[in-house]
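In: quick one: sequence and predicted model below, then my questions.
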Amino acid sequence: MASVKLTDVKKVYDNNVTAVHDFNLEIADKEFVVFVGPSGCGKSTTLRMIAGLEDISGGTVEIDGTVVNDLQPKDRDIAMVFQNYALYPHMTVYDNIAFSLRLKHMPEDEIYEKVTNAAEVLGITQYLTRKPRALSGGQRQRVAIGRAMVRNSKVFLMDEPLSNLDAKLRNQMRAEIILLRQKLNTTFIYVTHDQTEAMTLGDRIVIMRDGIVEQVGTPTEVFEMPHNIFVAEFIGAPKMNMIETTLEEEDGKYYVRPFGAKIEVTGEKSEELKKKKVGNRKVVLGVRPEHIVLADGPSQGAIPCKLEVNEMMGSELHLHVYTEDETRLIVRIPTIGLGLEQRKEMVYGKQLYITFEGKVMHFFDPETRKNLIYG
Amino acid sequence: MKTYSDLEFLKLSKGEKFLYKLGSFFCAIPRGIKHLILGIGRGIGKAGQTVGREIKDIVSTFISGDWKTKLSFLVMGFGCLARGQILRGLLFLLFEAVFIGYMVLTGGYWLSMLPSLGKVGPTEAYDEIFDTYVTTYNDNSFKILLYGVLTLFFIVAFVYTWRQNVKQNKMAEKILASGKKLKSGREDLRSLVDDQFHKTLLALPMTGILVFTVLPIVFMVLVAFTNYDGTHDGYYNNLFSWVGMTNFNTMLSWKVTGGAGTQSYAATFGEVLTWTLIWAFFATFTNYFLGMFVAMAINKKGIHFKKGWRTILVLTIAIPQFISLLYVSKMFAKNGIVNGFLMSMGWIQEALPFWDNPTWARISVILINIWIGIPYLMLIATGILMNIPADLYESARIDGANAWQQYRKITLPYMLFITGPYLLTSFTSNMNNFNVIYLLTGGAPTNPAASSAAGTVGYTDLLITWLFKITTGAESQYYLASVVGILVFIVVALISLVVYNVLPSIKNEEDFQ
Amino acid sequence: MSEKSMLGQSHDAPMKRHMGLRASRLAANTAIYVVLIVISIIWLIPFICILLQSFRVESTWQVGYVIPQKWGLDNYYNLFKTDFPKWYVNTFITALITAALQTVIVLCMSYTLSRFRFKMRKALMRFMLILGMFPGMLTMIILYRVLKDLGMTQANSVPGLILVYVASSGMGYYVSKGFFDTIPKSLDEAARVDGATRFQVLKKIILPLSKPIVIYTVLTAFMGPWGDFVFARYIAFGSSAGMNVAVGLFNWLNKDQINSYYTMFCAGGVLVAVPVTVLFLCLQKYYVEGVTGGAVKG
């Protein structure tokens, strides 16, 4: 139940490696913020600085308006769930959850109340007398969350809590975290390398790379308006296709020329380009796989290509294709969009024609790698 | 030496590869030494820079500080007291008071005597009443050296504390200027079990190490530059004094310098050092390989009573060495059980000279050391062997490797890799393996040519037992013992450094993980 | 890992395949049994001899045979007419107090070096590594003089010995640091976030998890004083009342004493070895863990 404010937060290690460069972010009360990025991007380090487990090399961290740089973790009123759960192996589940309350010298009957409540919410009541080693991964995860839950702390920190679980359990726990969030109604900071988790959980997402914040925004913003190529590729799976091509202006209309085809830019994108007075230039054209469709045959707006791999994902097909100049693209089409016969024909070497609409395109500067419209 | 790229290296024949590796090992030694010297140089440079920075900071603190800070330069802790940090202030003040008191009362005296180590030795005066000569004892070189060093330590501590005091003022000013509060005494105390807990934990162990290890070592290193011995004990008979490098010159000179022996100190030292290295090599590697084999034998599938075999072996660890080794030493004596047994069986006519012939004695200590050493290695090897991933062996068997090939290609490299650092420490501690040598032979048989070097040096003496003999010998040539000690340190340090810089397993830590 | 991956694959060698798995394995195992039995005999002989000699009554000097001609407890009985009980008590007290204090010191040191990242940590560890390269024996001379000034030598040597053993024990932190390094750091962090001070982390999380290393440290610290005959002899400086068992028994094997005390040395040795060995064998598991972990960590 508190805001968190990071101002120019920096982390420099002893060997002069900078893990986090001037990190600025204001997290509102009760907001759910996700730090996401590839490993080594500084997201965990930032979280650990907020928790007080890592010294802050520069800048300030404020929780609820107080600068906490010099406070010990225990004095920051935070709760945290660790990637490997960090359950105390010599204590029962009950003692694990009660540990923080006992340190606060809370009366035992009150502790009992809180622990059993939390256990009920998490569905681990029948394991309370067990030791952590007798639990499965998912149960351990719940205990770790329970331990953080009973604290009623100002900020709830989670460091890749789901990455040690298998895929099925991860989806289930993800849904439970959303429910938990509604129950706890407090400020969450969540670290993950998985963009799906970030998209589904976060009110806002902070995308980081090499210690630098690439973009901060709502899931819709980062998906629809990626600031640069990195964000565009990182968010969304399979990742966005990037095509080096030219943007041409003709009579107030914009066209792109991917692989010899000519496709008109339409809708908002065209308006925005006009507003920014973009002329003829080289661009990196970004198109998400799900926005590409199969064309019936050769035409001005269709790109000829050949099928390399056909991944049947169940409800959809991921087609890996290559164009005449050996550029690899990915196309994602719904399975029901194709008849049974057509699906059978989707084998290595099949000639295809693909195209996409003018309103789904993203334009990036090949030099700065920034989005021409939103960057 | 020509260096090959990875691909070129792969094309070499087996023999060439071996030679190349051997060559690179020895080529790496000078590089290691160069690296070390450069490192030391850099360290000194860095230290100089740090001192410069510190002085600059002290001056700037004084100039920019307020009057409380300025006064603190003279009265330590004043700034803390004036700013309400009573506890810190009092501690600083107390330390300063104790320091000044100590320096005025005794420290000054010890320090002033340090360059001479005492001026007046014991004097005799005729006492008319008792009609006898009465000795008056005056300066005490030993105490002067000891307390002189202690005073120097104390001064260093004072300078450090004074610097902290200055730093505190600067920090306090900064904190107050930013509108925050200073830590109270209660908070200071609380932090000692929290964010400053390491200081609390280290206080006792480090004090112990400082007083009972560092101080004695500094003292003994200094003794090497004096003539402290049985006839110059510094108080009762004669004072001792600084003699510069004389003792090192004696030890490392090839001139024969009197005494009963016909050998120079340098020659004796060379012989003892050579034997020490030979001993350490054999003691380390015989135990290593035999211990590994015993471990593999016990761990082999289908062998029963694993625990029983291990327990029998570890008896030599459990039973104090002075019992087992002393007893074994007597077993192999001329009139001991072994000779008695062999003679009663009629296999030999005369007692075998286990301890009387230099070569016999040397081989005997190495062999008996196996008896002591195998169990340790067996335990260690068992632990490591258990951790070798089974799939390594499975894939090797599928590739068609037999037992010996599996050992050569998997077990041995894995063991060597994991135990590389252990082998190094094992080697250096064998160099200093006092117990085995002293209890088994006491250094005997005596080397008659070497007896001019203090004590009676024997053919099985290691540097460390020689050092002990010098110390406890009739002449108690402490200065010479100290010289030997310093040389032992240099040898051990050099070996460690070279090995650390060259050993591949230490560099490529991740290979097997 | 299964034990089959150690040496025991001779039956897979293609050449031997025609012998049949079972026969070849039997041959290999028999050979190993023979080797192990020989080794065991060699290992046990000295201890059996010492035990047998301690019951020999007909003579007190060294003889060339093992089995006594006349059996009896005379040697044990005679031990109590010497200072042996005094030495025994001295050693026991020293070992007990040393074990307690040394464990505290070693654990403080190793826990700190494993868990805290402070400015001087690396330098401190390097410094202690270098200190350890000096032969410790050298410091005996000065430590003796200092203890003498403090009145802790000769008959009073027990407190002096304890002081010296305990004081520098912080240098032997390697093995237990290796153990602490294997306890995940995230446990500390979780506890600190949960509101524990560093001290509480140590008390409530780390110590309960450290039973093996605590026992290892106590065991090695307890066994040390039983075997020290160098420093203890120097400190006792000829005063029988201040000796420990090692020094006392060691003196009995001097040239001029050995003929009247040889069998009593054996008896004394048995009395020292039996309790220490029993203790060791009971706690063997922890010792093995410590030794193995220490060697692997380097």
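Out: That came through, no problem.
In: so which bits of the stretch 1-150 of chain B are right by chain C?
Out: B:Phe142, B:Leu146 (CB under 8 Å from any CB of the partner chain). C-beta: built from backbone N, CA, C; applies to glycine.
In: what does the stretch 1-150 of chain B put close to chain A?
Out: Residues of the stretch 1-150 of chain B lying near chain A (CB under 8 Å from any CB): none found.
In: in the stretch 1-150 of chain B, which residue sits nearest chain C?
Out: B:Phe142 (6.2 Å; CB to the nearest CB).
In: show me what the helix or strand hosting that residue is packed up against.
Out: Element membership for B:Phe142, per DSSP states H and E: helix B:141-177. Contacts defined by 3 or more CB pairs under 8 Å, 6 or more residues apart in numbering or on different chains; DSSP states H and E place helix B:141-177 against helix B:14-64, helix B:67-72, helix B:78-82, helix B:86-102, helix B:108-113, helix B:215-223, helix C:140-149.
In: using a markdown table, lay out those helices together with mean pLDDT.
Out: A markdown table is the format used below for those (pLDDT from 0 to 100):
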| stretch | mean pLDDT |
| --- | --- |
| helix B:14-64 | 83 |
| helix B:67-72 | 86 |
| helix B:78-82 | 87 |
| helix B:86-102 | 92 |
| helix B:108-113 | 90 |
| helix B:215-223 | 92 |
| helix C:140-149 | 86 |
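In: assign the residue lying farthest from the centre of chain B to helix, strand or coil.
Out: Within chain B, B:Ile129 marks the point farthest from the mean C-alpha position, 54.9 Å out by CA atoms, centre = their mean. At B:Ile129 the chain is in coil, as set by DSSP: H, G, I helix; E, B strand; the rest coil.
In: how about the helix or strand containing A:Thr60 against chain B, any contact?
Out: A:Thr60 is part of strand A:58-63 when elements are defined by DSSP H and E. No - on the criterion CB under 8 Å from any CB, strand A:58-63 is out of touch with chain B, staying 11.0 Å away.
In: flag the shaky bits of the stretch 351-500 of chain B, pLDDT-wise.
Out: Confidence mapping of the stretch 351-500 of chain B against pLDDT under 70 gives the ranges B:451-455.
In: was I right about B:Glu319 contacting C:Val276?
Out: That one is not Glu; residue B:319 is Ile. Yes - at 7.0 Å, B:Ile319 counts as touching C:Val276 under the criterion of CB atoms under 8 Å.
In: who has more neighbours out of those two?
Out: Legend: neighbour count by other CB atoms under 10 Å in any protein chain shown for B:Ile319 and C:Val276, higher for B:Ile319 (26 against 20).
In: what are the contacting residues of the lowest-mean-pLDDT helix or strand in chain A?
Out: The weakest-scoring helix or strand in chain A, judged by mean pLDDT, DSSP states H and E, is helix A:340-345 (a mean of 84). Applying CB atoms under 8 Å, 6 or more residues apart in numbering or on different chains, the contact partners of helix A:340-345 are A:Leu317, A:Thr335.
In: select the longest helix from chain A.
Out: Taking DSSP state H as the criterion, chain A has its longest helix at helix A:167-184.
In: neighbouring contacts of the very next helix or strand once past that helix?
Out: Helices and strands here follow DSSP H and E; after helix A:167-184, the next one along the chain is strand A:187-192. By CB under 8 Å, 6+ apart, the surrounding residues in contact with strand A:187-192 are A:1-4, A:27-36, A:43-44, A:47, A:50, A:154-163, A:177, A:181, A:197-198, A:201-202.
In: likewise stretch C:87-94?
Out: By CB under 8 Å, 6+ apart, stretch C:87-94 touches C:157-158, C:161-162, C:165, C:225-226, C:240, C:242-249, C:271-272.
In: re the thing from before, quick one, phi/psi of the residue farthest from the centre of chain B?
Out: When read as degrees, to the nearest 10, the backbone of B:Ile129 gives phi -60, psi -50.
In: state the pLDDT value of it.
Out: pLDDT recorded at B:Ile129 is 80.
In: domain ranges for the chain?
Out: All of this is about chain A. Under automatic domain parsing, the residue ranges defining each domain of chain A are A:4-233, A:241-364.
In: I was after chain B.
Out: Split by automatic domain parsing, chain B gives B:6-54, B:65-223, B:265-507.
In: and these, which is most packed in?
Out: Of all the domains of chain B, domain B:265-507 has the most neighbours on average by mean count of other CB atoms under 10 Å in any protein chain shown, namely a mean of 19.
In: how far out from the middle of the chain is that one?
Out: Per CA atoms, centre = their mean, to the nearest Å, the displacement of domain B:265-507 from the mean C-alpha position of its chain is 18 Å.
In: may I see the domains of chain A organised as TSV, with mean neighbour count and distance to B:Leu392 added?
Out: Formatted as TSV, those follow (neighbours: other CB atoms under 10 Å in any protein chain shown; distance: least, CB to CB, whole Å):
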stretch	mean neighbour count	distance to B:Leu392
domain A:4-233	19	26
domain A:241-364	15	34
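In: which residues of the chain score low on pLDDT?
Out: You didn't say which chain, so I picked chain A. Using pLDDT under 70, chain A drops low at A:1.
In: was after chain C, sorry
Out: Residues of chain C meeting the criterion pLDDT under 70: C:1-21, C:294-298.
In: let's see which of the contacts of stretch C:87-94 end up in strands.
Out: Using DSSP state E, no member of the contacts of stretch C:87-94 sits in strands.
In: just the buried ones from those residues?
Out: C:157-158, C:161-162, C:165, C:225-226, C:240, C:242-249, C:271-272 (16 or more other CB atoms under 10 Å in any protein chain shown).
In: centre of the chain to the strand or helix carrying C:Ile235, how far?
Out: Using DSSP H and E, C:Ile235 falls within helix C:231-236. The chain centre lies 19 Å from the centre of helix C:231-236; the measure is CA atoms, centre = their mean.
In: for that helix, packing partners?
Out: On a contact count with 3+ CB pairs under 8 Å, 6+ apart, helix C:231-236 meets helix C:140-149, helix C:157-167, helix C:245-252.
In: export the ones you listed to JSON lines and tack on distance to chain A?
Out: Shown next, in JSON lines, are the helices and strands packed on helix C:231-236 (distance: least, CB to the nearest CB, whole Å):
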{"stretch": "helix C:140-149", "distance to chain A": "37"}
{"stretch": "helix C:157-167", "distance to chain A": "29"}
{"stretch": "helix C:245-252", "distance to chain A": "39"}
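In: save those as CSV, and put in distance to C:Thr91 too.
Out: Converted to CSV, those look like this (distance: least, CB to CB, whole Å):
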stretch, distance to C:Thr91
helix C:140-149, 18
helix C:157-167, 9
helix C:245-252, 5
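In: ok, the residue in the stretch 251-400 of chain B that chain C sits nearest to - contacts?
Out: Relative to chain C, the nearest point of the stretch 251-400 of chain B is B:Gly340 (1.9 Å; CB to the nearest CB). Listed by CB under 8 Å, 6+ apart, the contact set of B:Gly340 reads C:Val63, C:Gly64, C:Tyr65.
In: mind doing that once more with 6 Å?
Out: C:Gly64, C:Tyr65 (CB atoms under 6 Å, 6 or more residues apart in numbering or on different chains).
In: average model confidence for stretch B:148-162?
Out: Taken as a whole, stretch B:148-162 has a mean pLDDT of 92.
In: what sits up against stretch C:33-46?
Out: Contact with stretch C:33-46 is made by B:Trp309, B:Ile312, B:Leu313, B:Tyr327, B:Val328, as judged by CB under 6 Å, 6+ apart.
In: how about a cut-off of 7 Å?
Out: If you take CB atoms under 7 Å, 6 or more residues apart in numbering or on different chains as the criterion, stretch C:33-46 is touched by B:294, B:297-298, B:309, B:312-313, B:315-316, B:324, B:327-328, B:331, B:371.
In: stretch A:166-181 too?
Out: With CB under 7 Å, 6+ apart, stretch A:166-181 has contacts from A:Phe32, A:Gly137, A:Gly138, A:Gln141, A:Ile145, A:Leu162, A:Leu165, A:Phe188, A:Glu197, A:Thr200, A:Leu201.
In: is residue 139 within a helix or a strand, and which one?
Out: Unless you meant another one, I'm taking chain A. Per DSSP H and E: A:Gln139 is located in helix A:137-149.
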